[in-house]
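Participant: Got a predicted model here, sequence first, then my questions.
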Amino acid sequence: PLDPEWLAVDSIPRVDARDIDPARFARDFESVNRPVIVSGLCADWPATRGAWTRDRLLATHGDVKFTVGGYQMRLRDFYAYGDGARDDLPLYLFDKKFC
């Protein structure tokens, strides 16, 4: 039988990154193998301040080719593909040299 808590909505505790230090995280979650959702981890990243918007990426890197799903494709073409893709096996970013 399943633990009824597993079926409850929002049964995973949530903490804000600003409210938890590494020692408390290790004690309350990691050491007891308890899942937790930590929010706010990216709040101060420069990427969240507008430099990485789709429009900006297209303006600065739209014609750059990269490997996606085994194909060379420009970023603008990838976005166009993604906007209309309804494939059963869509292209995903894949770097053959990664592993």
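Facilitator: Sure, I can see it. Residues are numbered from 1 along each chain as shown.

Participant: And the residue of the chain most remote from its centre, how close does it get to residue 9?
Facilitator: When distances are taken from the C-alpha mean of the chain, residue 1 lies farthest, 32.9 Å away, according to C-alpha atoms, centre = their mean. Using C-beta to C-beta, to the nearest Å, we find residue 1 at a distance of 19 Å from residue 9. The C-beta positions use only the backbone N, C-alpha and C, and glycine is treated the same way.

Participant: re the thing from before, quick one: the residue farthest from the centre of the chain from residue 58, how far?
Facilitator: Taking C-beta to C-beta, one finds residue 1 at 52 Å from residue 58.

Participant: Just want the most central residue of this protein.
Facilitator: residue 42 (10.8 Å).

Participant: ranges for the strands of this protein?
Facilitator: Assigned by DSSP state E, the chain shows strands spanning 14-16, 37-39, 65-68, 71-74.

Participant: tell me the mean pLDDT over the second one?
Facilitator: Confidence for strand 37-39, expressed as mean pLDDT, is 94.

Participant: partners of it, with directions?
Facilitator: strand 14-16 (parallel) (DSSP bridges).

Participant: Pull out the buried residues from the partner strand.
Facilitator: residue 15 (16 or more other C-beta atoms under 10 Å).

Participant: send the alpha carbons of stretch 50-57 over as PDB?
Facilitator: Taking Å, rounded to 0.1, in the frame of the first residue of the first chain, the C-alpha atoms of stretch 50-57 are listed here in PDB:
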ATOM      1  CA  GLY A  50      17.200  40.000 -19.500                       C
ATOM      2  CA  ALA A  51      20.500  39.300 -21.200                       C
ATOM      3  CA  TRP A  52      19.300  35.800 -22.200                       C
ATOM      4  CA  THR A  53      15.900  36.600 -23.700                       C
ATOM      5  CA  ARG A  54      14.900  34.900 -26.900                       C
ATOM      6  CA  ASP A  55      14.900  38.200 -28.800                       C
ATOM      7  CA  ARG A  56      18.400  39.100 -27.500                       C
ATOM      8  CA  LEU A  57      19.800  35.600 -28.300                       C
END
